[in-house]
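> prediction below, plus the sequence it came from.
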Amino acid sequence: MALERLLNVARKEFSDHITSRRFIIILALFLVISALGMHTGIGNYNERLEIYNQQLQHTQEIETASGDIYRSRMPEKPSIMLIFNAMMGYMTTFGAVLAIAIGFDLVSKEKETRSLKSLLSHPVFRDEIINGKALGGIAALGFALVLAFAISLAMLLLFSIIPTLEESAAILIFGVVSLGFLLAYFAIALAMSTFARESGGALIYTLVIFFAVSTFLPMLGMIAGDVFAGEMPEPPPMRPQPTPVPGEGISVTQSAAYVGTQDPEWRQYEEGMEAYFKRWTLVNDVTNLLSPQSNYRKVAMAVTNPRYAALVHSPFDPIPEETPGLADALGQVWMNIAALVVFPSVFFAAAYIKFMRMDIR
C-alpha cells in the first residue's frame, strides 16, 4: 500500500463528501441545531452562575458575622462544561444521521454504477481504495465536528465566557469522544455498504443496526438486569411508634430503634437493595457496552458533569464534597471508552476483509 495513492483516494472522497448536496443539507441542520442547543445551555449556565454569585455573597456575609464556621460550605462555581450537555443530546441523533449519510453508499454506489472495476484498472490496489474511502469519510466527519465546535466556541466568546485551561482540555476530550461516537455509525454504514449490493439495501441494514443498538439493546439490558438481579428486597413493615411515658417522653434508645439506619431490619434491607442494584447495574452495563449511544452518554457525562456522573456510577457511596477531577471521572468510564474504540474497529475490519475478498466482475 502506497501512502501517496492512499491519500489521493482520501482527498477525492473528502472532496466528494463536502461538495455533496446531501452532506451540506444534513451538516447545515446539524450546525443550526447544535447552535440552538448551545444557546440554551449558555442561558442555563448564566442562571446557575447568578445563583452561585448570590449564594457566595450570602455565605460571605455569614462568615463575616460568624467567623470561619461556614467556610466549608462555600458554594461551587458552575463549570462551562455544563453548556455542552445540550450539544451531547443532539450529537446522539443528528450526528449519527450525518455519519450514516456519509458512509452508506461509499462502496455500494461504485457497484451500482459499475465504476469499481474501472477504478481497479488504474494503478491502485484494493486496500488503498477501501482505506482511502474510510479516511476520506473520517476527514469529512472531522470537518463537520470542527465546524460545530468552532461555532460553539464563538458563541462562548460572544457571551464573554472564557474557558480555563482545564475546561479547554475537557472541551478537546469531549470533541474526541464525539468523533469516536460518529465513527461508530460511519463504520457500520461503510460495512453495510460493502456487504450490500445496492445503496438502498445498505441504508436499510444500517438503520436496522442503528435502532437495534440505540434503542433495543438498552431496553434488553434493563430486562436482563431485572431477570438476573433476582427479586427486589421487600422493605420491612413499619413498626408502631412507641408511646411516650408521661413525664419521661421517649428515650434515646427507643427513638434510635425507629431510625432506618439503626433498625437491624432496615439495615439488612438497605444492604439487600445495594446488592440488588449492583447486580442489576452490572448486567445492564455489560449489555450497554454494545450500544454506542450508551457509551457516548456515559463518557460525555463524565467529561461535562463529573459530579453527576460519579453519583450515577456509585449511587450508594457518599456524595463527593468536591467535583472529581477529569482524570478520575474518565477512570470510572474506561470500559465505555474502550467500547467506543473497539466497536468501530470491528466494523472497519469487517468492511476491509469483505472488500478485499469481493468478486468484482
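Yep, it's here. Numbers count the residues shown, from 1 in each chain.

> count residues in the vicinity of residue 281, would you?
Number of residues near residue 281 (other Cβ atoms under 10 Å) recorded here: 17. For the C-beta atoms, the positions are set from N, CA and C on the backbone; glycine is no exception.

> is it true that it touches residue 225?
Yes - under the criterion of Cβ atoms under 8 Å, residue 281 is in contact with residue 225, at a separation of 7.3 Å.

> C-alpha coordinates for the helix or strand containing residue 353, CSV please?
Secondary structure assignment for residue 353, by DSSP states H and E: helix 334-356. Only the C-alpha atoms of helix 334-356 are listed here, as CSV (Å, rounded to 0.1, in the frame of the first residue of the first chain):
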residue,chain,number,x,y,z
TRP,A,334,-12.7,3.4,31.0
MET,A,335,-14.8,0.4,29.8
ASN,A,336,-17.1,2.7,27.8
ILE,A,337,-14.1,4.4,26.3
ALA,A,338,-12.7,1.1,25.3
ALA,A,339,-16.0,0.1,23.8
LEU,A,340,-16.1,3.3,21.7
VAL,A,341,-12.7,2.2,20.2
VAL,A,342,-13.5,-1.5,19.7
PHE,A,343,-17.0,-1.1,18.2
PRO,A,344,-16.0,0.9,15.1
SER,A,345,-12.8,-1.1,14.7
VAL,A,346,-14.8,-4.3,14.4
PHE,A,347,-16.9,-2.9,11.6
PHE,A,348,-14.0,-1.3,9.8
ALA,A,349,-12.2,-4.7,9.9
ALA,A,350,-15.3,-6.4,8.5
ALA,A,351,-15.6,-3.8,5.7
TYR,A,352,-11.9,-4.3,4.9
ILE,A,353,-12.0,-8.1,4.8
LYS,A,354,-15.2,-8.1,2.7
PHE,A,355,-13.8,-5.6,0.2
MET,A,356,-10.5,-7.5,-0.2
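
> flag every buried residue along it.
Within helix 334-356, the residues that count as buried by 16 or more other Cβ atoms under 10 Å are 336-337, 339-340, 343-344, 347-348, 350-352, 355.

> can you list the residues that contact the helix or strand harbouring residue 100?
Assigning secondary structure by DSSP H and E places residue 100 in helix 96-103. Here helix 96-103 makes contact (Cβ atoms under 8 Å, 6 or more residues apart in numbering) with 17, 22-23, 26-27, 30, 137, 140-141, 144, 181-190, 193, 203, 206-207, 210, 214, 292-293.

> those residues in helices, which ones?
17, 22-23, 26-27, 30, 137, 140-141, 144, 181-190, 193, 203, 206-207, 210, 292-293 (DSSP state H).

> once you drop chain neighbours, what's closest to residue 46?
Nearest non-adjacent residue to residue 46, counting by Cβ to Cβ, 6 or more residues apart in numbering: residue 159, 7.5 Å away.

> right, and the one you found touches residue 41 too?
No - contact status for residue 159 versus residue 41: not in contact, 10.5 Å apart, counting by Cβ under 8 Å.

> give me the low-pLDDT residue ranges for the stretch 1-150 of the chain?
Low-confidence segments of the stretch 1-150 of the chain (pLDDT under 70): 1, 60-76, 116-123.

> which parts of it are strands?
With strands called from DSSP state E, counting those that start in this stretch, the stretch 1-150 of the chain shows none.

> and the stretch 201-350 of the chain, by the same measure?
Ranges of strands within the stretch 201-350 of the chain: none, based on DSSP E, counting those that start in this stretch.

> any stretches of it with poor pLDDT?
Checking the stretch 201-350 of the chain against pLDDT under 70 turns up 238-263, 308-324.

> can you do 80?
Low-confidence segments of the stretch 201-350 of the chain (pLDDT under 80): 225, 229-274, 276, 305-326.

> can you map out the helices along it?
Per DSSP state H, counting those that start in this stretch, the stretch 201-350 of the chain carries helices over the ranges 217-228, 252-256, 264-288, 292-304, 306-313, 326-331, 334-356.

> next: the stretch 1-150 of the chain.
Going by DSSP H, counting those that start in this stretch, the stretch 1-150 of the chain shows helices at 3-18, 21-66, 84-90, 96-103, 108-112, 115-120, 126-158.

> so which of these comes closest to residue 177?
In terms of Cβ to Cβ, the element of the helices of the stretch 1-150 of the chain nearest to residue 177 is helix 84-90, at 9.3 Å.

> packing partners for the closest one?
When contacts are defined as 3 or more Cβ pairs under 8 Å, 6 or more residues apart in numbering; DSSP states H and E, helix 84-90 packs onto helix 21-66, helix 126-158, helix 165-195, helix 292-304.

> need those helices in a markdown table with distance to residue 77, can you?
Output for the helices and strands packed on helix 84-90, formatted as a markdown table (distance: least, Cβ to Cβ, whole Å):
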| stretch | distance to residue 77 |
| --- | --- |
| helix 21-66 | 6 |
| helix 126-158 | 16 |
| helix 165-195 | 11 |
| helix 292-304 | 15 |
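
> which of the ones you listed sits most buried?
Mean neighbour count (mean count of other Cβ atoms under 10 Å) peaks for helix 292-304 among the helices and strands packed on helix 84-90, with a mean of 25.

> residues touching the spatially closest residue to residue 124 that is not a sequence neighbour, list them.
Spatially, and ignoring its direct neighbours in sequence, residue 124 is nearest to residue 5 (5.2 Å; Cβ to Cβ, 6+ apart). Residues near residue 5 by Cβ under 8 Å, 6+ apart: 123-125, 128, 132.
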